[in-house]
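Visitor: Build me a structure from this.
(one chain, ligands or ions: 1)
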Amino acid sequence: MTLAERARRVIPGGVNSGQRSIPGLTDLVITRTAGSRFWDGDGREFTDYHAAFGPPLLGHNDPDVAAAVADASGRLGLTGVAVTEGEVLLAEQLAELIPSIEQVLLTSTGSEATFHALRLARAVTGRRLVVKFQGCYHGWHDAVSLNVISAPDRVGRHDPTSTGILSEVLDATLVLRFNDPAALRQVFAEHGRDIAAVIVEPVPHNVGALLPTEEFLRALREECTAAGSVLVFDEVITGFRHALGGYQAISGVTPDLTTLGKAIANGAPIGALGGRADLMQYFSSRPGGPVFFAGTYNGHPLPVAAALATVRKLREQPVHEHVFRLGDRVRGELTALYERMGVPAVVTGYGSVFVSYFMPGPAPLSYDDLLANDTALFVGYRRHLVEHGIFELPLNLKRSHLSYAHTDADVDRLLEATEAAVRRTLA
Ligand code: PLP
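Guide: Model prediction:
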């Protein structure tokens, strides 16, 4: 029996996440990673543009991060009391780098960070409603488990990503169109006094890349301020990947709370929730704080060491310069390629993130625009890429990532292989 078959006997579906169950790849077993590559159990090599949904911005097994984790593991275990130097150093850096963060708490995942952000917003405001946007993903917990990738007839209507969620919880989340300031202002006019929080990916990368208009981000800030609602930027993908200060540093729009994860520690499990001190003071980490906050692994020395080493490298080496240059090259050359081939496509993204939608332009502004994407071509050409050792996740609307470990030679191969894969899919 193969390892994948053994996996399916003892792990439902054979994988540890609903997001890893990929048609056609159910026999894939990963045995090794290094830099921009991973290998499977048959020794096949893949150049990795999926990048675990985003964490390894420096590339897999970055030697500086690995050394910092090895050092910490030989020195410091988890005690579950008090605080460690690493937690203080990391919190100081997050407060220094990210405009909205005065105080910060560590979690193990991004989902925990967004969960606590919404609970805090409800506690502080005493209100019930949360606003999210169609196409944004904020983790697996109930309040945000709706309207990510919806079928055309479910767009904007309640579309849970799971069964088993109380309808009362789903009903307390309003779903709006991204980049639609008029819809936002209307919902605030009707429900403003009941809105505890607005949570948003400043660049919705969970459907590839929808770039925010300045007007929309400003409207979010204005409406939340006017209504006394808490604005949460979910920067689990954009934080550190797009800039050390997150997308808020790029846009100049500062939320009240920020959630982080993924690229902050290059793949080690850590998340963070930070923001205005007067809000963060409600958490029970402060004696008397009424909003319960706990987690056995919060501030674990190993991911904290990984995060400190990652942030140091991002500050000291031209990581962003490298991945932004490669990203611009990929987007520019893919656009030219599709034009030459006569294939209607929109290539978009930001910095190290890129995606090709197979539809006529202009660049999409909201999830509705993505309904024009040719799903069969989007998934089909990626299946061909995977067969030829280039791993772009073959699921609709998924983005691809570049890392500090990717080279121009990798990009040359990606471009050649993409042309061949699109031709074969269209044939
Ligand atoms: N927020 C965003 C924007 C994400 O993309 C994700 C995960 O993909 C999460 C939150 C949840 O993070 P985690 O998977 O670490 O719980």
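Visitor: how about the nearest residue to residue 306, chain neighbours excluded?
Guide: Spatial nearest neighbour of residue 306, chain neighbours left out: residue 268 (3.5 Å); criterion: C-beta to C-beta, 6 or more residues apart in numbering. Backbone N, C-alpha and C define where each C-beta goes, glycine included.
Visitor: what number of residues lie near that neighbour?
Guide: 21 (other C-beta atoms under 10 Å).
Visitor: Quick check, pLDDT for it.
Guide: As predicted, residue 268 sits at a pLDDT of 98.
Visitor: Going forward, the N-terminal residue is numbered 22.
Guide: Sure thing, new numbering starts at 22, so read that last one as residue 289.
Visitor: OK, contacts around residue 422?
Guide: Taking C-beta atoms under 8 Å, 6 or more residues apart in numbering, we find residue 422 in contact with 70-72, 75, 78, 262, 373-374.
Visitor: An error on my part: the question was meant for residue 196.
Guide: 152-155, 167-168, 177-180.
Visitor: Show the buried residues in those residues.
Guide: With burial judged by 16 or more other C-beta atoms under 10 Å, the buried subset of the contacts of residue 196 is 152-155, 167-168, 177, 180.
Visitor: Which strands or helices does the helix or strand harbouring residue 349 pack on?
Guide: Assigned by DSSP states H and E, residue 349 belongs to helix 340-362. Judged by 3 or more C-beta pairs under 8 Å, 6 or more residues apart in numbering; DSSP states H and E, helix 340-362 is in contact with strand 367-371, strand 374-378, helix 429-447.
Visitor: What residues sit buried inside that helix?
Guide: Quick answer for helix 340-362 (16+ other C-beta under 10 Å): 340-341, 343-345, 347-348, 350-352, 354-356, 358-359.
Visitor: ok, and the closest non-adjacent residue to the residue of the stretch 122-271 of the chain found nearest the ligand?
Guide: Closest to the ligand within the stretch 122-271 of the chain is residue 131: 2.5 Å, counting by C-beta to the nearest ligand atom. Distances taken as C-beta to C-beta, 6+ apart put residue 282 closest to residue 131, at 3.3 Å, once the chain neighbours are dropped.
Visitor: could the contacts of residue 196 be laid out in JSON lines, adding secondary structure?
Guide: Listed next are those as JSON lines, based on DSSP: H, G, I helix; E, B strand; the rest coil:
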{"residue": "152", "secondary structure": "strand"}
{"residue": "153", "secondary structure": "strand"}
{"residue": "154", "secondary structure": "strand"}
{"residue": "155", "secondary structure": "coil"}
{"residue": "167", "secondary structure": "strand"}
{"residue": "168", "secondary structure": "coil"}
{"residue": "177", "secondary structure": "coil"}
{"residue": "178", "secondary structure": "coil"}
{"residue": "179", "secondary structure": "coil"}
{"residue": "180", "secondary structure": "coil"}
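Visitor: Of all the residues in stretch 44-56, which ones are buried?
Guide: In stretch 44-56, counting by 16+ other C-beta under 10 Å, buried: 46, 49, 54, 56.
Visitor: In TSV: these, plus distance to the ligand and secondary structure.
Guide: Formatted as TSV, the buried residues of stretch 44-56 follow (distance: C-beta to the nearest ligand atom, whole Å; DSSP: H, G, I helix; E, B strand; the rest coil):
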residue	distance to the ligand	secondary structure
46	19	coil
49	20	coil
54	18	strand
56	22	strand
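Visitor: okay if I get those residues as CSV plus pLDDT?
Guide: Shown next, in CSV, are the buried residues of stretch 44-56 (pLDDT from 0 to 100):
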residue, pLDDT
46, 95
49, 96
54, 98
56, 98
